[in-house]
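Chemist: Fold the following.
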Amino acid sequence: MAWYPGAIKMELQPESDAQPAIRPTQFIVHSIVAPWTVRRTYEYWRDSTNLESHFGVDYAGDVGQYIGTETRADANAGANRRPDGTGAVSAETAATLQASDPWNDKQVEELIKLGVWLHQRHNIPLRICRTHDDPGYGYHSLFPQWSVGGTACPGAARKKQFRDVVFPGIVARAGGKTQPPQAPTGGEMALSTDDIRRIFETDGFLSSPDYDKDPTGNLHWSAESYLRNTYLHAREVRRQLATLRDIEAAVKRLEASGVPVSIQLTPDQIKAIAKAVVDEQYKRLAE
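Modeler: Model prediction:
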């Protein structure tokens, strides 16, 4: 097992000896949603839960290490230890009870130093993880496989800090360069759950449909609104087509029965009627 020289060693037992070994390939940062010191975090792991992280970083800039980095710690769900023996190193960081605050300067500095050491000690590549099992750096909510039931950890402010300050700081301090984005073997670069949600919910980019371009109305729709609206329209069109098919079938039955049909429609007239019905339904849906 490996112990970070910049941390206060507070070894958890029996976990430190009993839990299986890992080959560290990732570093995942968390917020513990409490303004705890590293000692208080250690006591919580020891006395109140069967979970734990490898590290804790408090507001004062102290770093505590509870388990060696080559031993599994249970803070990352599917990333704790994989069938191939790889796993993630985890760090819980002190936060407000709402997990709404950014890391302070001391926390940022210690996360950068710890990230550099993990790169140097375990050869974790200097990139943000592209998939849930891709080696690199990340935060807890980056991939759903890293949590049980979903999470917003470490909070919006800290996720932005991670991308804008902490990870670039690790790369710069390590004397390296970020590795260019590359798709994992056999697939495209994965999007996180947060990325997908933002894509579908972001407004202001897609123009609203033509029939809704009223200066007093909403001039833009989100992708989610477009998909929902498209589904509703498609369902209504299918219903109208089914009605037209029923009418056509009824006419054919009348003709086959020998009952005279007083109105004879040409194929072009039938198409015109069908188009008029569909257009009228679109207008009604848009009102």
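Chemist: And the strands in the stretch 101-250 of the chain?
Modeler: 136-139, 206-207, 220-221 (DSSP state E, counting those that start in this stretch).
Chemist: Let's test this: mean pLDDT of the last one, rounded?
Modeler: Looking back up the chat, that one is strand 220-221. In this model, strand 220-221 has a mean pLDDT of 64.
Chemist: Please apply the same query to the second one.
Modeler: With pLDDT averaged residue by residue, strand 206-207 scores 66.
Chemist: doesn't Arg121 make contact with Thr69?
Modeler: Yes - look at Thr69 against Arg121 with CB atoms under 8 Å: they come within range, at 7.3 Å. Backbone N, C-alpha and C define where each C-beta goes, glycine included.
Chemist: Who has more neighbours out of the two?
Modeler: Here Thr69 and Arg121 are compared on neighbour count by other CB atoms under 10 Å; more neighbours surround Thr69, at 24 against 16.
Chemist: Quick one: residues contacting that one.
Modeler: 1-4, 24, 54, 89, 118, 121-122 (CB atoms under 8 Å, 6 or more residues apart in numbering).
Chemist: Now a ChimeraX select for only the buried ones of those.
Modeler: Buried members of the contacts of Thr69, defined by 16 or more other CB atoms under 10 Å, are picked up in ChimeraX with:
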select :2,4,24,54,89,118,121,122
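Chemist: Out of the contacts of Thr69, which comes closest to Ser141?
Modeler: Relative to Ser141, the closest of the contacts of Thr69 is Val89; by CB to CB it sits at 17.1 Å.
Chemist: Wait, a strand at that closest one?
Modeler: Yes - the assignment for Val89 by DSSP: H, G, I helix; E, B strand; the rest coil puts it in a strand.
Chemist: Quick check, it in contact with His119.
Modeler: No - counting by CB under 8 Å, Val89 does not reach His119; the two are 11.0 Å apart.
Chemist: so where's the stretch 101-250 of the chain shaky on pLDDT?
Modeler: 176-195, 197-198, 200-221 (pLDDT under 70).
Chemist: how far is stretch 108-128 from where the chain is centred?
Modeler: Counting by CA atoms, centre = their mean, to the nearest Å, stretch 108-128 is centred 23 Å from the centre of its parent chain.
Chemist: follow-up on the earlier one: so for the contacts of Thr69, which is the shakiest by pLDDT?
Modeler: Pick the lowest pLDDT in the contacts of Thr69 and you get Met1, at 71.
Chemist: Grab the nearest non-local neighbour of that one.
Modeler: Using CB to CB, 6 or more residues apart in numbering and skipping the chain neighbours, the partner closest in space to Met1 is Gly68 (2.5 Å).
Chemist: which SSE is the one you found in?
Modeler: Mapping Gly68 onto the secondary structure by DSSP states H and E places it in no helix or strand at all.
Chemist: pretty sure it contacts Trp3?
Modeler: Yes - using CB under 8 Å, Gly68 is in contact with Trp3, at 5.8 Å.
Chemist: Need the residues touching each of Thr69 and Arg121.
Modeler: Taking CB under 8 Å, 6+ apart as the contact rule, Thr69 and Arg121 both touch 2, 4.
Chemist: Are we agreed that Gly56 is in a helix?
Modeler: No - assigned with three-state DSSP, Gly56 falls outside any helix and is strand.
Chemist: by contact count, what packs against the longest helix seen in the chain?
Modeler: The longest helix of the chain (DSSP state H) is helix 223-257. Here helix 223-257 touches helix 193-201, helix 267-286, going by 3 or more CB pairs under 8 Å, 6 or more residues apart in numbering; DSSP states H and E.
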